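Asks: Sharing a sequence plus its predicted fold:
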There are 2 protein chains.
Amino acid sequence: MPRALILVGSEFEDIEALYPYYRLLEAGFETLFASEDTGELKGKHGYIVNIHLKFDDVDPSDFDVLVLPGGRGPERIRNNKKAVDVVTHFMERNKPVAAICHGPQLLISAKKINGRRLTSYWGIKDDVEIAGGIWVDEPVVVDGNLVTSRYPGDIHLWMREFFKLLNRRGLLSAVPKE
Amino acid sequence: MPRALILVGSEFEDIEALYPYYRLLEAGFETLFASEDTGELKGKHGYIVNIHLKFDDVDPSDFDVLVLPGGRGPERIRNNKKAVDVVTHFMERNKPVAAICHGPQLLISAKKINGRRLTSYWGIKDDVEIAGGIWVDEPVVVDGNLVTSRYPGDIHLWMREFFKLLNRRGLLSAVPKE
């Protein structure tokens, strides 16, 4: 069974965390949330997720795909070295990463967007560009292992392209079909 | 392009409306929200959806699939005859219906669950049974055209089974593949 990891901090954008979570579960992925501590964590809209793993206990080589939701979470966890190390692992090994909204703040902190095409929430466009990224105002941008979107209204296109990438990488064999 | 309709009332359970909405869009469905009025409608957790159609303006024969999310919405719209007529149309014509949580209150009002196997939020189990339904405490129950679940934690299984049904009905041909 393929395994997915979602990095969240408090006041994450609920739908940007919950949609990929349920979508990956629906497709047969074992899907875990990681944050600074285990236990309950609340999103901007009050949804509570159960954190399965502390960043300190994450071995990123155990996971096939990484999701970086937005909201206020990314700013709150980007100073955590272990969280950033997870992002670095996925980017250096060319493993699938989906980021949306403020999620790319973690890509900036990992110093992994120089020369890469991506999008993000409009408010952090300048940070993306100063960090060397090629920022594009499109609902979804695919650049190799990296699939990025701007805000919740892009979610269906974000996950459609991400699942095409997972299919190209042979990660959808566990999908229940009928 | 296949077409999906989602019936919502105020204080709908956000994720139960938004997950199917984005999931159906992801799969290439034209997907519309209907409620008593057009304009903005707020969920229990504060997410705002744009209502594309008033119940009065819905022609259910224009749509291939119906979704009934939960939260407080179903109680607020079940006295609307046009909303209930839409449910009746789908059930009488054996067209795919996905209902979750309090969504089955609309199936009860349409008097279409007698002898049918289904589940719902635990709090309305008695109503389902008194209306003639065979209530089952399982994460997802498939009975012909009807796919039901209990609460947000079942969403991935609810939509996995619903999409299997849509596939059996030949409605996934519009799905972008790669």
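Replies: On my side now, so go ahead.
Asks: When you work out contacts or count neighbours from here on, use the C-alpha atoms and nothing else.
Replies: Noted.
Asks: ok, how many other residues are close to A:E92?
Replies: When neighbours are defined as other C-alpha atoms under 10 Å in any protein chain shown, A:E92 has 9 of them.
Asks: Compute the distance between A:N79 and A:F55, please.
Replies: Applying C-alpha to C-alpha, to the nearest Å, the value for A:N79 to A:F55 is 12 Å.
Asks: what are the ranges of the helices in chain A?
Replies: With DSSP state H as the criterion, chain A has helices at A:14-26, A:73-77, A:81-92, A:104-109, A:125-130, A:155-168.
Asks: Give the other helices and strands that the third one contacts.
Replies: Put plainly, it is helix A:81-92. Helices and strands touching helix A:81-92, by 3 or more C-alpha pairs under 8 Å, 6 or more residues apart in numbering or on different chains; DSSP states H and E, are strand A:65-68, helix A:104-109.
Asks: per-residue confidence averaged over the first one?
Replies: On average, the pLDDT along strand A:65-68 is 98.
Asks: Outside of it itself, list whatever touches it.
Replies: For strand A:65-68, contacts defined as C-alpha atoms under 8 Å, 6 or more residues apart in numbering or on different chains pick out A:3-8, A:17, A:20, A:74, A:87, A:90, A:95-100, A:103-104, A:106.
Asks: The last one too?
Replies: Taking contacts as C-alpha under 8 Å, 6+ apart, the residues outside helix A:104-109 that touch it are A:68, A:74-75, A:78, A:84, A:87-88, A:113, A:120, A:124, A:127-128, A:131, A:148.
Asks: how about stretch A:128-135: buried residues?
Replies: A:V128, A:E129, A:A131, A:G132, A:G133, A:I134, A:W135 (16 or more other C-alpha atoms under 10 Å in any protein chain shown).
Asks: Which positions in chain A make contact with chain B?
Replies: A:15, A:18-19, A:22-23, A:25-27, A:45-47, A:155-157, A:159-160, A:164, A:167-168, A:176-178 (C-alpha under 8 Å from any C-alpha of the partner chain).
Asks: Pull the number of nearby residues for A:I48.
Replies: For A:I48, the tally of surrounding residues (other C-alpha under 10 Å) stands at 16.
Asks: With A:H89 instead?
Replies: Using other C-alpha under 10 Å, A:H89 is surrounded by 15 other residues.
Asks: For the nearest residue to it once chain neighbours are set aside, which residues are in contact?
Replies: Distances taken as C-alpha to C-alpha, 6 or more residues apart in numbering or on different chains place A:P60 nearest to A:H89, at 6.8 Å, with adjacent residues excluded. Contacts for A:P60 (C-alpha under 8 Å, 6+ apart) come out as A:V86, A:H89, A:F90.
Asks: and if you look at A:N50?
Replies: A:N50 neighbours (C-alpha under 8 Å, 6+ apart): A:F33, A:T38, A:G39, A:E40, A:L41.
Asks: at 6 Å instead, please
Replies: Applying C-alpha atoms under 6 Å, 6 or more residues apart in numbering or on different chains, we find A:N50 in contact with A:G39, A:E40.
Asks: what do you get for the one 4 residues further on?
Replies: Counting by C-alpha under 6 Å, 6+ apart, A:K54 touches A:A34, A:S35, A:E36, A:D37, A:T38.
Asks: Show the buried residues in these.
Replies: Neighbour-count burial (16+ other C-alpha under 10 Å) applied to the contacts of A:K54 gives A:A34, A:S35, A:E36.
Asks: if I pick the last one, what's in contact with it?
Replies: Taking C-alpha under 6 Å, 6+ apart, we find A:E36 in contact with A:K54, A:F55.
Asks: Looking at it now. What's its pLDDT?
Replies: 98.
Asks: picking that back up, show me the contacts of A:K54 that map onto strands.
Replies: Judged by DSSP state E, these include A:A34, A:S35 as members of strands.
Asks: Next, format the contacts of A:K54 as CSV and append distance to A:I51.
Replies: Shown next, in CSV, are these (distance: C-alpha to C-alpha, whole Å):
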residue, distance to A:I51
A:A34, 6
A:S35, 6
A:E36, 9
A:D37, 7
A:T38, 5
